[in-house]
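Peer 1: Here is the input, now give the coordinates:
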Amino acid sequence: MNNRFLPIGIQDFEDLRNRGSVYVDKTHLVYKLVTEGKPYFLSRPRRFGKSLLLSTLEAYFLGKKDLFKGLAIENLEKNWVQYPVIKISFGRSSYESHDKLLAVIDNILSEHERFFDFEKKSDDSAVRLDNLIHSAYEKTGKQVVILIDEYDKPILDALYTEHEEQNRQELRSFYSPLKDCDQYIRFLFLTGITKVSHVNIFSDLNQLNDISLTQNYSSICGISESELEQYFMPEIEALAERQEMSLEETKAKLAQMYDGYHFTHNVEGVYNPFCLLKCFSDKDFGSYWFESGTPSLLVKTLQNQPIELTNIVNGRLANENQFKNYDPDSKNMLPVIYQSGYLTIKDFEKETRLYKLDFPNQEVEEGFLDVLLKKFITVPYDDIGLEINNLRVALRDRNVDRAMSIIKSAIADLPTVVKKDMCENYYESVTHLMFRMTGWRVVSELQNVCGRSDVVVASKDSVFIFELQMDKGRPFEEVAAAALAQIDATGYSQRFAVSGKKMFKVALVFSSEGKGLLGWKVKE
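Peer 2: Down below sits the predicted model:
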């Protein structure tokens with residue numbers, strides 16, 4: 001362990017290798033990429049190793065053979081040819097304005113012009129990129145390698161602002177030479193979080209091979225279960241010792257917290273590499289993905305789109321087109337949530353070609369729900385953790401009145417981001433979220449042969465069946481009685497009768513005018 005270095009935050013392959021850091025060998029996949037194809041696109045969530053992958057490709061195409069000593073590609077590659085490389089990364093800045101994007105593009109092109117000793121002949125970025133490709137080819141006699149990291153960041157940073165369309169059109173123009181210069185390009189690779197349609201990048205660059213959902217490259221970023229044990233057993237053992245857990249318990253906890261990403265169906269799941277390395281370094285199971293930065297893309301999307309939370313937090317079925325491409329003009333937020341890493345593929349129905357999407361692991365689920373709660377309830381941020389803990393204790397102690405009082409105070413009014421005609425879904429969703437954050441088992445819209453219940457919460461020795469009803473101008477007692485009768489009539493409780501747990505049937509009555517929880521009635 002004293003001689004092992006974890007590459008936390010290191011995105012440069014040469015730096016990583018020179019430091020002697022632990023490296024999960026992906027070079028057999030790199031070799032497959034460079035020998036079998038030419039123009040590629042890969043989308044992966046943030047903190048998933050996209051930049052390191054591009055840096056590895058850069059080192060390979062620069063012919064830095066010594067850096068690959070002992071890796072799989074050393075025995076696969078026989079001819080280490082050096083190519084001119086143009087590497088463009090938009091991860092170095094933020095792009096809330098069009099002028100900022102123009103400045104960064106100018107700086108990137110100027111750096112390459114100086115490196116290749118070329119004269120700037122135009123102020124137009126597309127013309128400069130075209131000249132750069134042609135000049136590099138003519139100077140070296142070899143085709144050019146182009147690597148573009150975080151191609152979509154200038155669009156996502158300006159999402160829902162006046163500069164979004166400007167940045168989209170600027171990038172469309174900037175990337176336009178990539179197709180026309182095809183004969184001068186040896187290899188082209190773009191990475192990003194989302195595949196943004198209507199930018200016309202992907203309609204113009206229709207030759208790009210999108211490998212984001214392909215089985216062959218599902219583990220090209222991230223750490224698989226087999227790689228975890230192959231490369232990190234010393235760290236797992238040290239973590240187990242610090243946490244006073246067995247090896248099996250430690251591996252199970254690692255999987256629960258950081259595993260579970262599937263970028264297609266019927267493949268081995270992968271761990272978020274950043275979180276895994278931080279966990280090994282700190283020897284603690286922290287929420288490192290969310291702590292590494294505010295999930296601004298998620299927050300902006302939730303703030304600007306009508307939302308049906310139950311379609312997200314309960315797992316959902318979707319066809320590939322519903323989550324593969326992000327359309328800025330659409331109200332469908334599923335591609336943003338999936339491609340940002342908050343949902344992943346959990347199952348696939350071959351007959352219907354439908355994918356089941358759900359949270360990949362506990363870290364993401366808890367972080368996601370925390371973000372939602374902060375945006376959609378009225379409890380102050382600092383008090384959320386306290387209130388959730390109080391809710392957990394209230395359910396543990398079977399104190400339904402205390403639990404409902406906490407719910408009532410949290411959703412006193414309908415937030416402006418939720419339309420009034422969506423308030424029934426909103427109340428059910430937020431109630432579900434708060435229960436789910438307690439750590440107790442929660443199911444919304446639980447189906448049985450007679451019907452479905454709105455929310456069911458199971459603690460160690462109790463089951464709470466909640467039926468949510470809107471008042472719609474009716475008296476409270478009438479609505480509450482109807483809700484309790486519905487619980488009995490549809491047989492919700494029969495499913496749990498054999499558990500031996502104490503059962504509580506609870507009617508919640510909400511205001512149709514967006515005024516929150518009007519009251520509740522309990523039947524044991």
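Peer 1: Distance check, the residue nearest to residue 231 when sequence neighbours are not counted against residue 230.
Peer 2: Closest residue in space to residue 231, ignoring its immediate chain neighbours: residue 24 at 5.3 Å, by Cβ to Cβ, 6 or more residues apart in numbering. C-beta coordinates here come from the backbone N, C-alpha and C atoms, glycine included. The span separating residue 24 from residue 230 equals 8 Å under the rule Cβ to Cβ, to the nearest Å.
Peer 1: so where's the protein uncertain?
Peer 2: 1-2, 196-206, 292-314, 328, 331, 375-382, 413-422, 444-454, 491-493, 495-499 (pLDDT under 70).
Peer 1: on that earlier part again, between residue 24 and residue 230, which one's more packed in?
Peer 2: residue 24 (18 against 12; other Cβ atoms under 10 Å).
Peer 1: Ramachandran angles for that one?
Peer 2: The phi/psi pair for residue 24 (degrees, to the nearest 10) reads phi -80, psi 110.
Peer 1: Next: residue 70.
Peer 2: phi 90, psi 0.
Peer 1: returning to that earlier point: quick check, the residue nearest to residue 231 in contact with residue 221.
Peer 2: No - applying Cβ atoms under 8 Å as the test, residue 24 and residue 221 come out as separate, 10.1 Å apart.
Peer 1: got any residues that touch both of these two?
Peer 2: residue 273 (Cβ atoms under 8 Å, 6 or more residues apart in numbering).
Peer 1: And residue 126, how close does it get to residue 132?
Peer 2: 11 Å.
Peer 1: neighbour-wise, which of these two wins?
Peer 2: residue 132 (23 against 18).
Peer 1: for the nearest residue to the more buried one once chain neighbours are set aside, what are its contacts?
Peer 2: The shortest distance from residue 132 to any non-neighbouring residue, by Cβ to Cβ, 6+ apart, is to residue 112 (5.7 Å). Residues counted as contacts of residue 112 (Cβ under 8 Å, 6+ apart) are 86, 118, 132.
Peer 1: check contacts around the second one.
Peer 2: Okay, so that is residue 118. 112, 131-132, 135-136.
Peer 1: does it belong to a helix or a strand, and which?
Peer 2: Under DSSP states H and E, no helix or strand contains residue 118.
Peer 1: same check, this time on the first one
Peer 2: Assigned by DSSP H and E, residue 86 belongs to strand 85-89.
Peer 1: Dump that strand to PDB, restricted to CA.
Peer 2: Below are the C-alpha coordinates for strand 85-89, written out as PDB (Å, rounded to 0.1, in the frame of the first residue of the first chain):
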ATOM      1  CA  VAL A  85      -2.900  15.800 -33.000                       C
ATOM      2  CA  ILE A  86      -5.400  18.600 -32.500                       C
ATOM      3  CA  LYS A  87      -6.900  18.300 -29.100                       C
ATOM      4  CA  ILE A  88      -9.800  20.600 -28.200                       C
ATOM      5  CA  SER A  89     -11.200  20.700 -24.600                       C
END
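Peer 1: Show me what it is packed against.
Peer 2: helix 50-61, helix 98-116, helix 125-140, strand 144-149 (3 or more Cβ pairs under 8 Å, 6 or more residues apart in numbering; DSSP states H and E).
Peer 1: Tell me which of those sits nearest to residue 248.
Peer 2: Set against residue 248 and scored by Cβ to Cβ, these come closest in helix 50-61, at 30.1 Å.
Peer 1: which residues are in contact with that closest one?
Peer 2: 7, 10-14, 16, 26-27, 30, 33-34, 42, 44, 67-68, 73, 77, 82-83, 85, 87, 89, 91, 145, 147, 149-150, 186-187, 189, 191, 220-221.
Peer 1: make it 7 Å
Peer 2: When contacts are defined by Cβ atoms under 7 Å, 6 or more residues apart in numbering, helix 50-61 is touched by residues 11-14, 30, 34, 42, 44, 67, 83, 85, 87, 91, 145, 147, 149, 187, 189, 191, 220-221.
Peer 1: ditto for stretch 385-404
Peer 2: Contacts of stretch 385-404 (Cβ under 7 Å, 6+ apart): 379, 406, 410, 434, 437-440, 457, 459, 462, 464, 502, 504, 506, 520, 522.
Peer 1: Of those residues, grab the buried ones for PyMOL.
Peer 2: Selecting only the buried entries of the contacts of stretch 385-404 in PyMOL, with 16 or more other Cβ atoms under 10 Å as the criterion:
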select buried, resi 379+406+410+434+437+438+440+457+459+462+464+504+506+520
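Peer 1: In helices only, show me the contacts of stretch 385-404.
Peer 2: Taking DSSP state H as the definition of helices, the contacts of stretch 385-404 contribute 406, 410, 434, 437.
Peer 1: Skip the chain neighbours and tell me the closest residue to the first one.
Peer 2: Yep, that's residue 406 we're talking about. Per Cβ to Cβ, 6+ apart, closest to residue 406 is residue 391, 4.9 Å.
Peer 1: so the one you found sits in a helix?
Peer 2: Yes - per DSSP: H, G, I helix; E, B strand; the rest coil, residue 391 lies within a helix segment.
Peer 1: Next one: residue 407 from residue 466, what distance?
Peer 2: 10 Å.
Peer 1: out of those two, which sits in the busier spot?
Peer 2: Neighbours were counted for residue 407 and for residue 466 using other Cβ under 10 Å; residue 466 has more, 27 against 22.
Peer 1: Which residues does that one form beta bridges with?
Peer 2: Here residue 466 sits in beta bridges with residue 455, residue 506, as judged by DSSP bridges.
Peer 1: What distance do you get for it to residue 139?
Peer 2: 71 Å.
Peer 1: again, but for residue 336
Peer 2: For residue 336, the distance to residue 139 - Cβ to Cβ - is 42 Å.
Peer 1: Who are the contact partners of residue 476?
Peer 2: Taking Cβ under 7 Å, 6+ apart, one finds 509, 518-519 in contact with residue 476.
Peer 1: Narrow those residues to just the buried residues.
Peer 2: Counted by 16+ other Cβ under 10 Å, those give 509, 518 as buried.
Peer 1: Could you dump the contacts of residue 476 into a markdown table and include distance to residue 343?
Peer 2: Shown next, in a markdown table, are those (distance: Cβ to Cβ, whole Å):
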| residue | distance to residue 343 |
| --- | --- |
| 509 | 32 |
| 518 | 33 |
| 519 | 35 |
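Peer 1: what about stretch 119-132, how long is it end to end?
Peer 2: End-to-end distance for stretch 119-132, by Cα to Cα, to the nearest Å: 9 Å.
Peer 1: what sits up against it?
Peer 2: 86, 105, 109, 112-113, 118, 173-174, 176-177, 181.
Peer 1: Give me the distance from it to the chain's centre.
Peer 2: 36 Å (Cα atoms, centre = their mean, to the nearest Å).
Peer 1: quick revisit: list the buried ones in the strand holding residue 86?
Peer 2: With the criterion 16+ other Cβ under 10 Å, strand 85-89 contains buried residues 85-89.
Peer 1: try stretch 7-27
Peer 2: 7, 10-13, 16-17, 22-24, 26-27.
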